[in-house]
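Participant: missing the sequence, but the structure's below:
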C-alpha cells in the first residue's frame, strides 16, 4: 500500500489539501515570527486546541451541551501544579495524574447528570464547575486559596527540563497532534456515521441496537481526559496554579472555539483555538471588552452559521466544487442475526390520560409468520408496535420474545435480541448519504470500525429494495417513497428475526408497493417474521398469511385475509361506521 | 435566637432570589426556552440602579419603576436577538445564544463599571427595626414586601387574566394558540420584557444589601436553576419554595459549616432530587421532563 | 342560494421536497358541510393546515368571505373568521377546560363568559367538567373541548381535522351531529375525515383526495354510492 493509502485508511478519510496547506502554514509560523511572546501565544493556542478537541467529544459528537470542560481543564491544572510543587513530581507523573483525576471527576458527575437532557445537563455541569471553583478558592491548605500556588517549576520530563519557548511549543503541539489523530480515529469512519445517527436521530440509533447512554458516558470521560491533559500543560506554561483557570472565561473560550471552529471538526478546533487566542492581540483597543467580542461572534455564529467555520467551508465546497460520486461499492453479506423466535403478547394495556389506547391485547406470532395489522388511526396499532420495540411501556401485560419478558427493556436491548422496526415518521439523517444512513445502523455488527464491510452489507440491502442508485445522495434529497425504502433497509441490516414495519407503504406509488410487497414476501420466505401495520389491505395480502384487525384498542378479528375481509365488524371499522339512528342528515 | 436571625436574613435573600427565579420560569413557561442570560439581566438591573443613582441620588423606590421599564426594553432586545431567530431550531441553539448574550452583558458591565463590588441605594432608608433582639434591616422588609407583591402580581396575571391565559397557551402550544387568534409573537416579546423587568427589580433590590459585581450573573443563574429544579421545573410556586431553600442554605447552613460547604451541600441536594424525584419537590409526576 | 364562504384556487402545499397538496380548487358555501375524504397521506390534513397558514410552502389563492388570506399569519386568519380544530385535539393540557375556552375568545370579558355558557349548552358534558385540567379529560371530552374552543369566536368557516379519530362510535355520532348543527346556523364546515362512511353521512358535499390531488367531488350521496371509487383509492 502506498503511504497515502495507509494514511487514508488510518484516518478514515482522504487528506484535504487545504488542511494540509493550513497545517504547514501553522508549522511555519513560529519560524517566521520567532519572538518569545509569539511562541508563548502559539503554545497557548495549542493548549486550548487540545482542550477543545476533547470538548468536541461530548459537545459535538455526542451532542450534549456540557459546561464542565473548563472545570476539567482547571482541575487538571491544579492536580499537575500541586503535585509538581508539593511533591516535586515530574511531568511523566503529573500528566497522567491530571488526566486520571479529571476522568474520575467526570465519572462522579456523569452518574447523576448524564441522564439529563440538553439544558438540564448544561446547567448541572455549570453548577458543578462553580462548586469546583469554590473548593479551590476555599481549601487553602491544599490549593493555596484565592492566591493559588506560585512558582510552579519548569516542566521536567524524565529528569530533563522542557523550557519555555521552543521546547514547550514542540511538546504541546506534539501532544495536540497525537490527540488529534486519536480523536480522528475514534470518531471517523463507521463510528462517525453512528455518532451522527445517535445525535440526529437518537430513537433510530436506539432501535439499531446502539446504547446511547454508554456512548455519552464515554464521550464525557474522553472530554475530561483531554481537558485534564490540557490543564496540566497550561500550568507548566504559566508557571502558577491559580483559581483563574477554573473561572467561567475558560469555559467561554472553549465553547466559542467549538462553535466557531466547528463542533465535530478537529481541524476546526485547531483553527478556532489559534484564531481566538490571537483575537485579543488584534483587538488591543478593546482590551477590557475582548470577551464581549467573543460573545458577539459566538452569537452571530449560532444564529447565522451554526455549523461553524469548517462546517461552512464544507457546505460551500459541496455547493461550488461538488466532487463526482465515487463508484458504488459492491454488495456484501449482512451479519446473521439471532434465530427466529416466538412473540407472545398477553393482556397488554396502555392508557393516555383518559384515552384507552390499548385495551387488553393478546396476540401470538409464531416464528416465520407474516402478519398484517389493520385498523383505523387511533385504534392502538402503533402503540402496540412501540411497546414491542421498547419505546413505550405498557401499563399492564406481558410481552415475551424467545421465552423472555421484554417489557421494561430499553429499545437497544430489544433490537439486539433480534427485533427491528421502522418508524411511521421517518427517522433518517437528512444530511448523511443513503449508504451511510444504513451502514451506521450496522456499527456494532461490523466491529465498529469495518466501514467497508458495513457499506457492502448496506449496498446489498439497498439493491434488494431497489434503491441502490441513490447510495451517495444525501437522504434529505430523496422523495418520500425512496426514503421509506432506505429506512426499511436500515431496519434489515442487523439481520433481525422479527421485523416490525409501521405503515411502510404510506406515500408509495402502486408500482413501489408492488415491489415492496415482493421484497417482504421474499424476506418472509427466508425465515424472517414480518409484522406490518398498514391501511392498504390489497398490499398486505400479497405477502401476509394472516390479518389482525384492531378497533379502539382491541382485536376484533384475527385470521386469513379473506375471512377478515368479509367480517362485518371489520368492514364497519374499516370503511367507517354506517350512520346510526338518530343521525339527522336530511 | 441566632437561628431566627439567620432565618430572617435567609427569607429576605430568598425573596430576592425568588424574583430571579420567577423571570426564569416565566420565559420557560412561555417559550419552553431556557434563558441563560437571566442572571446577567439581574446584574444589569443592579448596575443600572447604581448608574441612575449616580445621576440622581434618590431613594431606590423612585428608581424602581424606571429600572423596570428600561430593563423591559432590554428584554425585548433579548427576545429579538437571541430567541426569535432561533425559535424553530433545537433548544440547544437558544441555550447557546443566551449564553452568548449573557457573556456580552456580563463583560459589557465589566467594561463599563469595573470588577469591584458596587452598591445601589436602599429602597427607602438604610435603617433597621429591632424587636425581641432581632435586627431586621428596613431593606430586608422592603425586599420581602416587594417580592411578595410582584410574585403575587405575576401569579394573578397568569391565572386570572386573559393576557395570562394567552401567555400560558403560547407556552403550551404555540402553533395552536396562533390558530386560535393569540398574537404569539407579541406574547413571546412580552414574556421576555416582563422577565427582564423582574430581573431588573431583583438586581436593584439585591445591589443594596449584598453588593453587586458583573460576575454575579453566573451565580444568579445557577441559583435560579437550582431553585427551579428543586421546586419543580416550570412551576411558579415551586420556584419560590426552591428560592427560599437556596437562600436558607446560604445563610443558615453557611453559618454553621462554611460557605463553600453549604454550596456543595446545596448542589448535592439538587443532584439528589434530580435523581430521586425528577419532577422536583412540588412537581407532578409524569409532567414534561427531560 | 347560500353565499360562497371560502374560495380556494390552485392551492399547493409543499414541505421540504414533498408536495402534499397539488393544485387544488375548492369552494365551501355558508351553511354547508363539506367532507374531505381519502386515505392516509392523501393530503387532507396538509390542505387544512395550508388554509390556516400553519407551515409548509403555500402557493395559490385563499379567499375567505372576500378577504384574501395569502401571506397572513394564523392569528390574523383566525380573527378574519377562520376556526381550526386540529388533528389529535391539542387542547392546552395544563389549563382547565374553561380556560381553554376563554383563551380562544377575542371578546370583552362579559361577552366571553356569556359565550362559554353557550358552549356549555351545546356540550353539556363540558359544563360539568369545566374546572378540570384538560389533561384529565377523556378523548371524547377533549375533542368536544377542541371544537368548542374553535367556536368561541363564531367563525365563518370551521376547519376540522379528523374529528372522530380515537372516538367511540357514539361520541363520534354526537360530535358529527354538533358539526351539522353549526353549519345549520350559517357557518361553513370543511371536515377532513378518515372515517369515510360517517363523513359522507354527515356532509352535504364531499371531495375525495388521493396523493395531494382531488380524485372526485360531488354530493355526499353520490360519492357514498360509488363503492368502487372508494375502494380503489382506499385499498381493500
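Facilitator: Cool, the structure landed. All values derive from a computational prediction rather than experimental measurement. Numbering: from 1, shown residues only, chains lettered A, B, ... in the order given.
Participant: what secondary structure does the most centrally placed residue in chain C sit in?
Facilitator: With distances taken as Cα atoms, centre = their mean, residue C:160 lies nearest the centre of chain C, 1.4 Å away. Per DSSP: H, G, I helix; E, B strand; the rest coil, the secondary structure class of residue C:160 is strand.
Participant: tell me the spacing between it and chain A.
Facilitator: From residue C:160 across to chain A, the span is 15 Å (Cβ to the nearest Cβ, to the nearest Å). (Glycine included, C-beta is placed from N, CA and C.)
Participant: go on, residue B:208?
Facilitator: Residue B:208 is 24 Å from chain A, by Cβ to the nearest Cβ.
Participant: repeat for residue C:195
Facilitator: The value you get for residue C:195 to chain A, if Cβ to the nearest Cβ is used, is 4 Å.
Participant: buried residues of the top helix by length along chain B, list them for me.
Facilitator: Ranked by residue count, the top helix of chain B under DSSP state H comes out as helix B:2-31. Judged by neighbour count (16 or more other Cβ atoms under 10 Å in any protein chain shown), helix B:2-31 contains these buried residues: B:5-31.
Participant: is chain A contacted by that helix?
Facilitator: No. Helix B:2-31 lies apart from chain A when judged by Cβ under 8 Å from any Cβ of the partner chain; the minimum separation is 9.3 Å.
Participant: can you list the residues that contact the helix or strand hosting residue A:439?
Facilitator: Secondary structure from DSSP states H and E places residue A:439 in helix A:434-440. Contacts to helix A:434-440, defined as Cβ atoms under 8 Å, 6 or more residues apart in numbering or on different chains, come from residues A:190, A:193-194, A:196-197, A:205, A:208, A:329, A:428-429, A:432, A:451, A:454-455, A:457-459, A:461-462, A:467, A:470-475, A:478, A:486, A:489-490, A:493.
Participant: whichever helix or strand residue C:28 is part of packs against which elements?
Facilitator: Here residue C:28 is covered by strand C:18-29, with elements defined by DSSP H and E. Packing partners of strand C:18-29 (3 or more Cβ pairs under 8 Å, 6 or more residues apart in numbering or on different chains; DSSP states H and E): strand C:4-15, helix C:44-52, strand C:188-192, strand C:213-219.
Participant: any part of the following helix or strand past that strand near chain A?
Facilitator: Downstream of strand C:18-29, the next assigned helix or strand under DSSP H and E is strand C:33-37. No. Using Cβ under 8 Å from any Cβ, strand C:33-37 stays clear of chain A, with a minimum separation of 9.0 Å.
Participant: and the angle for strand C:33-37 with strand C:4-15?
Facilitator: Here strand C:33-37 points in a direction 20 degrees away from that of strand C:4-15 (axes from the mean of the first three to the mean of the last three Cα atoms, to 10 degrees).
Participant: strand C:33-37 to strand C:18-29, inter-axis angle?
Facilitator: Using the same axes, to 10 degrees: strand C:33-37 against strand C:18-29 is 160 degrees.
Participant: what sits up against strand C:33-37?
Facilitator: Here strand C:33-37 has contacts from C:26, C:28, C:44, C:47-48, C:179-180, C:183, C:188-194, C:196, C:199-200, C:202-209, C:220, C:223, using Cβ under 8 Å, 6+ apart.
Participant: repeat that for stretch B:84-100.
Facilitator: When contacts are defined by Cβ under 8 Å, 6+ apart, stretch B:84-100 is touched by residues A:63, A:65, A:118-119, A:122, A:255, A:259, A:295-296, A:298-299, A:302-303, A:306, B:31-37, B:78, B:81-83, B:185, B:188.
Participant: so which of the residues you listed reach chain C?
Facilitator: Near chain C, by the rule Cβ under 8 Å from any Cβ, you find residue B:185 out of the contacts of stretch B:84-100.
Participant: in helices only, show me the contacts of stretch B:84-100.
Facilitator: Those of the contacts of stretch B:84-100 lying in helices (DSSP H): A:118-119, A:122, A:255, A:259, A:295-296, A:298-299, A:302-303, B:31, B:78, B:185, B:188.
Participant: and which of these is nearest to residue C:38?
Facilitator: Closest to residue C:38 out of the ones in helices among the contacts of stretch B:84-100 is residue B:185 (34.0 Å), distances taken as Cβ to Cβ.
Participant: name the spans of the chain whose pLDDT lies under the cut-off.
Facilitator: Picked chain A for this. A:1-18, A:118-119, A:283-284, A:353-354, A:377-378, A:507, A:573-586 (pLDDT under 70).
Participant: ah, no, chain C please
Facilitator: C:1-2, C:17, C:40-41, C:166, C:168-169, C:230-236.
Participant: could you pick out the longest helix of it?
Facilitator: helix C:169-184.
Participant: which residues of chain C lie near chain B?
Facilitator: So chain C meets chain B at C:52, C:54-55, C:73-75, C:78-79, C:84, C:86, C:90, C:92-95, C:99, C:102-106, C:109, C:112, C:149-150, C:152-153 (Cβ under 8 Å from any Cβ).
Participant: list the contacts for the nearest residue to residue A:428 once chain neighbours are set aside?
Facilitator: Using Cβ to Cβ, 6 or more residues apart in numbering or on different chains and skipping residues adjacent in sequence, the residue nearest residue A:428 is residue A:475, 4.5 Å away. Residues near residue A:475 by Cβ under 8 Å, 6+ apart: A:428-434, A:437, A:483, A:486.
Participant: phi and psi next, for residue A:475.
Facilitator: phi -60, psi -30 (degrees, to the nearest 10).
Participant: now it: how far from residue A:181?
Facilitator: 30 Å (Cβ to Cβ, to the nearest Å).
Participant: same thing with residue A:504?
Facilitator: In terms of Cβ to Cβ, residue A:504 sits 43 Å off from residue A:181.
Participant: what does residue A:147 give?
Facilitator: Distance from residue A:147 to residue A:181, by Cβ to Cβ: 39 Å.
Participant: do the same with residue A:59
Facilitator: Residue A:59 is 20 Å from residue A:181, where distance means Cβ to Cβ.
Participant: now swap in residue A:210 and tell me
Facilitator: Applying Cβ to Cβ, one obtains 25 Å for the distance of residue A:210 from residue A:181.
Participant: who's more crowded, the two?
Facilitator: Using other Cβ atoms under 10 Å in any protein chain shown as the criterion, residue A:210 and residue A:181 rank with residue A:210 on top: 24 against 13.
Participant: what residue in chain C comes nearest to chain B?
Facilitator: residue C:78 (3.6 Å; Cβ to the nearest Cβ).
Participant: hang on, that residue packs against residue B:179?
Facilitator: Yes. When contacts are counted by Cβ atoms under 8 Å, residue C:78 is listed as touching residue B:179 (6.1 Å).
Participant: now do the same contact list for residue A:548.
Facilitator: Counting by Cβ under 8 Å, 6+ apart, residue A:548 has contacts A:363, A:371-374, A:555, A:557-558.
Participant: tell me what it is bridged to.
Facilitator: residue A:373, residue A:558 (DSSP bridges).
Participant: I appreciate the help and will end here.
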